[in-house]
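> Predicted model, plus sequence, below.
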Amino acid sequence: KNEVEQSPQNLTAQEGEFITINCSYSVGISALHWLQQHPGGGIVSLFMLSSGKKKHGRLIATINIQEKHSSLHITASHPRDSAVYICAVSGAQKLVFGQGTRLTINP
Amino acid sequence: DTAVSQTPKYLVTQMGNDKSIKCEQNLGHDTMYWYKQDSKKFLKIMFSYNNKELIINETVPNRFSPKSPDKAHLNLHINSLELGDSAVYFCASSQDLRGHGYTFGSGTRLTVV
């Protein structure tokens, strides 16, 4: 079993819908990262969290350290949000990645 | 003004060849990494360096040799390439070992034929 599990693996929604992607981890961490990988392949760091909640535009990330769980929310989703979203945890001086969630937003 | 740049973007080569991928960051970060993304899109750490010092070597075959001439550069040299080395290799950097300011390069797609 992977140390970082994401759900769902694939998600298709209509434009405007509220999106939630979940991440659970089984190891001790110093921080959790949410990353976005577009079809072109580049990876962008969206958030780094060690507690609570962060918001950037239409994206919100939360983390519950006790439950070892994080969520990424997208409000008013748009086709340009279509990408693979990857959860990764920092610990032991490296990132350990989830398998990614492929999100497709249809117009 | 690219923050983390890696070259080449694409590399097609024959089995048995030796090749290098270069990575440079202009962010002033102390820590640099190499990650491998396999055909299932799963990312995994290969190496990390902090101020030119090797921190992590994650059970990578010794055909892979990273070299960090200074803290802004981390190059990856691969000897005797095998078919299974085909993957996308990402360079990344962060301010420190805790991972603040993680920034990825655009990736190098290596195809071994």
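On my side now, so go ahead. Bear in mind the structure is a predicted one, so any value in this text is a computation, not a measurement. Numbering: from 1, shown residues only, chains lettered A, B, ... in the order given.

> those strands in chain B, which residues are they?
Listed in chain order, the strands of chain B (DSSP state E) span B:4-7, B:10-13, B:19-25, B:31-37, B:43-50, B:53-57, B:64-67, B:75-78, B:87-94, B:103-104, B:108-112.

> helices or strands up against the last one?
For strand B:108-112, the elements it packs on are strand B:10-13, strand B:19-25, strand B:87-94, judged by 3 or more CB pairs under 8 Å, 6 or more residues apart in numbering or on different chains; DSSP states H and E. The way it works is simple: take the backbone N, C-alpha and C, and place the C-beta from them, glycine included.

> got the strands of chain B as a markdown table, with mean pLDDT, distance to A:Y85 and mean neighbour count columns?
A markdown table is the format used below for these (pLDDT from 0 to 100; distance: least, CB to CB, whole Å; neighbours: other CB atoms under 10 Å in any protein chain shown):
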| stretch | mean pLDDT | distance to A:Y85 | mean neighbour count |
| --- | --- | --- | --- |
| strand B:4-7 | 96 | 20 | 19 |
| strand B:10-13 | 97 | 25 | 14 |
| strand B:19-25 | 97 | 24 | 19 |
| strand B:31-37 | 94 | 15 | 25 |
| strand B:43-50 | 91 | 13 | 21 |
| strand B:53-57 | 86 | 25 | 14 |
| strand B:64-67 | 94 | 28 | 16 |
| strand B:75-78 | 96 | 26 | 19 |
| strand B:87-94 | 95 | 16 | 24 |
| strand B:103-104 | 94 | 14 | 20 |
| strand B:108-112 | 96 | 21 | 18 |
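
> Where does the prediction get shaky in chain A?
A:1 (pLDDT under 70).

> Return the residues of it in contact with chain B.
Residues of chain A found near chain B, taking CB under 8 Å from any CB of the partner chain as the criterion, are A:30-31, A:33, A:35, A:37, A:41-45, A:48, A:84, A:86, A:88, A:90, A:92-97, A:99-100.

> Now, of these, which are buried?
Neighbour-count burial (16 or more other CB atoms under 10 Å in any protein chain shown) applied to these gives A:31, A:33, A:35, A:37, A:41, A:43, A:45, A:48, A:84, A:86, A:88, A:90, A:92-97, A:99-100.
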